[in-house]
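Visitor: sequence plus the predicted model coming up.
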Amino acid sequence: MTARRFRGDAGQAAIELPLGFLWILLPIAVIVMVIPQWPERQTVATAAAKEAATLYATAATAGDGAAAAEAAVAQAAQNYGLPSLQLALTGSWCRGCTVTAAVTVDIPAVQVPLVGTIGSTSWTATSSSRVEDYGSL
């Protein structure tokens with residue numbers, strides 16, 4: 001038996017393989033690398049907000065609580081290699097009051113290795129904690 005050759009059938013695989021890689025596999029690989037960043041950053045912001053609210057509510061004074069909350073949020077950003085986390089504390093710090101910590105994190109829309117970040121959005125996690133009624137007595 002002899003192999004049949006058709007006209008125009010020479011060398012197609014040499015062109016299709018790189019094109020298939022560039023147009024199909026490369027975008028899928030970028031998506032697979034980018035998507036895990038979104039829930040990871042959301043989880044870090046949620047944990048930092050919970051810790052900041054707890055530290056603020058259980059401190060001896062409002063100033064000490066705010067300093068402890070700021071330090072905890074800065075430590076979380078450093079531990080996870082995030083550029084920054086923004087903290088906003090709301091609510092009056094008094095016995096029986098509820099305080100709220102809001103931590104905002106920037107999430108890149110697309111981060112291509114060796115190219116950089118394309119677009120971004122921010123996400124805010126909030127957590128509330130109650131200042132103890134008789135904690136300072």
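Guide: Looks like it arrived, so ask away.
Visitor: every contact and neighbour count from this point should use C-alpha atoms.
Guide: Fine.
Visitor: tell me where this protein has strands.
Guide: For the chain, applying DSSP state E gives strands covering 85-90, 98-112, 116-130.
Visitor: so which of these is the most packed in?
Guide: Highest mean neighbour count among those (mean count of other CA atoms under 10 Å): strand 98-112, with a mean of 20.
Visitor: grab the nearest non-local neighbour of A59.
Guide: Excluding its sequence neighbours, the residue lying closest to A59 (CA to CA, 6 or more residues apart in numbering) is G65, at 4.8 Å.
Visitor: what's the burial count for the one you found?
Guide: By other CA atoms under 10 Å, 20 other residues sit near G65.
Visitor: list the contacts of it.
Guide: Counting by CA atoms under 8 Å, 6 or more residues apart in numbering, G65 touches 55-59.
Visitor: hmm, 7 Å instead?
Guide: Contacts for G65 (CA atoms under 7 Å, 6 or more residues apart in numbering) come out as 55-57, 59.
Visitor: middle-most residue in the protein, spatially?
Guide: Taking CA atoms, centre = their mean as the criterion, R41 is the residue nearest the geometric centre of the chain, at 1.6 Å.
Visitor: and the helices in this protein?
Guide: Per DSSP state H, the chain carries helices over the ranges 12-20, 26-34, 37-58, 62-79.
Visitor: buried set for the longest one?
Guide: Read it as helix 37-58. By 16 or more other CA atoms under 10 Å, the buried positions in helix 37-58 come out as 37, 41-42, 44-58.
Visitor: low-confidence regions, this protein specifically.
Guide: 1-13, 113, 135-137 (pLDDT under 70).
Visitor: please name the nearest non-neighbouring residue to A52.
Guide: Computed as CA to CA, 6+ apart, the closest residue to A52 that is not its neighbour in sequence is A69, at 4.3 Å.
Visitor: right, I'll call it a day here.
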